[in-house]
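Colleague: how would this look folded up:
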Amino acid sequence: MKNLTIAVFFIFWTCSYPAMSRTLLESSIAAKTHEQWMKDFGRTYADDVEKEKRFKIFAKNLEYIENFNRAGNETYELGLNQFLDLTKKEFTSKYTCANLKGKLESSMVASVAALFNVSKISTNNSLKGKRKPIPESIDWREGGAVTSVKRQGACASCWAFATLAAVEGIVQIKNRELVSLSAQ
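Modeller: Here you go, the predicted model:
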């Protein structure tokens with residue numbers, strides 16, 4: 001009976017060994033890939049705990065990339081980039097300005113409210129205090145938020161001049177000071 005138990009254990013161990021060694025091999029490859037990735041993107045971590053946490057995220061994202069590319073369902077392939085050690089939530093929070101939406105709305109509404117002398121206004125369009133009708137359109141030239149026409153010349157930088165004009169207007173609306181900026 002003892003020999004049978006040993007034989008059964010040996011069979012199970014032998015059958016599970018390839019899966020176990022494949023997992024160890026994949027972890028080793030992921031660790032080497034992570035080290036090279038850290039060098040390529042100049043990534044350092046505060047301590048070993050942070051490095052281990054980031055490695056786990058990196059390995060999970062690397063596995064996703066490999067599975068995606070292996071499936072071959074798209075006309076493109078995914079690759080390694082500087083964001084590979086971030087979760088989707090961290091990436092979204094840090095790089096997409098998703099968390100600024102409410103702040104920007106409040107700031108813009110407050111600026112427009114100040115321009116029209118509305119005492120209080122909120123982003124849900126409810127007015128507190130004295131209500132004033134919101135006009136159908138606004139001529140920002142009359143509101144003092146447009147600087148004089150600038151000479152673009154033949155430099156083909158219309159995008160820079162248009163952006164500059166928008167920034168000048170926003171600065172005036174926000175700070176109540178019209179500043180003429182340079183497109184240089």
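
Colleague: mind listing the helices for the protein?
Modeller: Secondary structure of the chain, counting by DSSP state H: helices at 2-40, 48-71, 88-95, 101-115, 158-175.

Colleague: By mean pLDDT, flag the weakest helix or strand of the chain.
Modeller: Of all helical and strand segments in the chain, the minimum by mean pLDDT, DSSP states H and E falls on strand 120-121, at a mean of 46.

Colleague: Could you chop this protein up by domain?
Modeller: The chain breaks down into these domains under automatic domain parsing: 2-81, 143-184.

Colleague: Tell me if I'm right that Thr33 and Leu62 touch.
Modeller: Yes: look at Thr33 against Leu62 with CB atoms under 8 Å: they come within range, at 6.5 Å. No exception for glycine: its C-beta is placed from N, CA and C like everyone else's.

Colleague: hang on, the earlier thing: now the domains of the chain in CSV, please, with extra columns for mean pLDDT, mean neighbour count and distance to Tyr95.
Modeller: Formatted as CSV, the domains of the chain follow (pLDDT from 0 to 100; neighbours: other CB atoms under 10 Å; distance: least, CB to CB, whole Å):
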stretch, mean pLDDT, mean neighbour count, distance to Tyr95
domain 2-81, 79, 12, 12
domain 143-184, 78, 12, 21
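
Colleague: can you tell which of the ones you listed is closest to Pro133?
Modeller: Pro133 lies closest to domain 143-184 among the domains of the chain, at 16.1 Å (CB to CB).

Colleague: Just the terminal-to-terminal distance for that closest one.
Modeller: One end of domain 143-184 to the other measures 26 Å (CA to CA, to the nearest Å).

Colleague: follow-up on the earlier one: let me have the domains of the chain in TSV, adding distance to Thr87 as columns.
Modeller: As requested, the domains of the chain are exported to TSV (distance: least, CB to CB, whole Å):
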stretch	distance to Thr87
domain 2-81	6
domain 143-184	33
